[in-house]
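Enquirer: predicted structure and sequence below. I'll ask about it afterward.
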Amino acid sequence: MPHCWENTADVYVRSFAGLCAGTVDEILRRLGPGDASRRLLDIGTGPGTVAAAAKDSGYAVIGLDSDSSMIALASRRHPGIGFGLASIERLPCRDQTFEAITANFVVNHAPDPRSATRELFRGLRSGGRLVATIWSSQPVSLHQLWNDVMAQAGVSPSSAPRLPAALDFERTPEGFGGMLAEAGFEQVDCRELRWTFEIRPDDLWAAVEAGIAGIGQTFRNQDAAGRERLRAAYRELTAVDRRAGVLKLPSIALVASADRVR
């Protein structure tokens with residue numbers, strides 16, 4: 001399934017990568033220290049942020065992503081780590097290969113999240129640990145900013161494809177944790193994580209121009225006049241932040257750790 005951030009790695013690093021990096025410290029805390037004998041798979045590695053942090057913590061790391069531009073960028077940024085092309089739907093490994101798996105904001109993008117979590121369980125060894133994150137269903141400041149920009153510009157959001165009800169799950173600690181338990185994981189601990197995402201206004205807007213995320217797709221679907229209204233609305237609504245030099249956006253995600261006991 002194509003995603004709206006494919007072939008946008010450089011702009012993604014400038015913009016939304018910083019947002020997704022807000023979970024890294026908690027991911028490492030839940031993993032615990034590694035050593036060279038403990039193999040870790042970082043699936044949906046993007047620019048390799050989690051993979052590099054796990055390597056620094058002692059793990060033997062492999063990073064996989066379904067987008068070739070992300071893999072090329074991650075390989076340039078972290079030459080000491082092996083990166084390759086693969087998706088969460090079909091891990092290129094035998095059963096019970098890894099002592100640890102990290103999945104930072106990738107399960108929520110899978111076309112079948114329940115099947116994806118079963119695949120993560122398949123790849124994890126007995127005694128191994130998964131640490132995964134998704135976005136919460138709770139509204140956050142960034143979503144409100146985009147809603148305000150579209151309202152001021154007189155633009156309706158582009159409709160995003162939704163998962164069939166049979167495949168979907170609640171973006172709550174109970175919903176995400178329950179799905180992991182259904183896949184076979186035990187000792188599931190899923191909680192909210194809150195942090196403040198800081199970014200320069202121009203860097204965040206670069207993602208919109210590149211068509212990244214829902215707001216980027218909405219922008220791309222406008223005619224020239226609609227795009228200019230969106231630009232003007234964003235400039236006006238972030239005027240105070242421009243003078244300060246940075247946007248400060250409170251953010252919320254769900255972080256889960258789960259073990260394969262047998």
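Expert: Good, I have the coordinates. Residues are numbered from 1 along each chain as shown.
Enquirer: hang on, residue 65 packs against residue 41?
Expert: No. Between residue 65 and residue 41 no contact is recorded; they are 11.4 Å apart, counting by CB atoms under 8 Å. Where C-beta positions appear, they are placed from N, C-alpha and C, glycine not excepted.
Enquirer: output stretch 119-133 as CSV, nothing but the C-alphas.
Expert: Extracted as CSV, the C-alpha positions of stretch 119-133 are listed here (Å, rounded to 0.1, in the frame of the first residue of the first chain):
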residue,chain,number,x,y,z
GLU,A,119,4.2,-11.1,12.2
LEU,A,120,6.1,-9.2,14.9
PHE,A,121,5.4,-12.0,17.3
ARG,A,122,6.6,-14.6,14.7
GLY,A,123,9.9,-12.8,14.3
LEU,A,124,10.6,-12.5,18.0
ARG,A,125,12.4,-15.2,20.0
SER,A,126,11.1,-16.8,23.1
GLY,A,127,12.1,-14.5,25.9
GLY,A,128,12.3,-11.5,23.5
ARG,A,129,10.7,-8.1,23.8
LEU,A,130,8.8,-5.9,21.5
VAL,A,131,8.5,-2.2,22.0
ALA,A,132,6.0,-0.4,19.7
THR,A,133,4.4,3.0,19.4
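Enquirer: in that stretch, what's buried?
Expert: Of the residues in stretch 119-133, those buried by neighbour count under the rule 16 or more other CB atoms under 10 Å are 119-125, 128-133.
Enquirer: restricted to helices, list those residues.
Expert: The members of the buried residues of stretch 119-133 that map onto helices under DSSP state H are 119-123.
Enquirer: can you list those in a markdown table and add pLDDT and distance to residue 190?
Expert: Formatted as a markdown table, the entries for those read as follows, by pLDDT from 0 to 100; distance: CB to CB, whole Å:
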| residue | pLDDT | distance to residue 190 |
| --- | --- | --- |
| 119 | 98 | 19 |
| 120 | 98 | 14 |
| 121 | 98 | 15 |
| 122 | 98 | 20 |
| 123 | 98 | 20 |
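Enquirer: and those residues, which is closest to residue 103?
Expert: residue 120 (6.4 Å; CB to CB).
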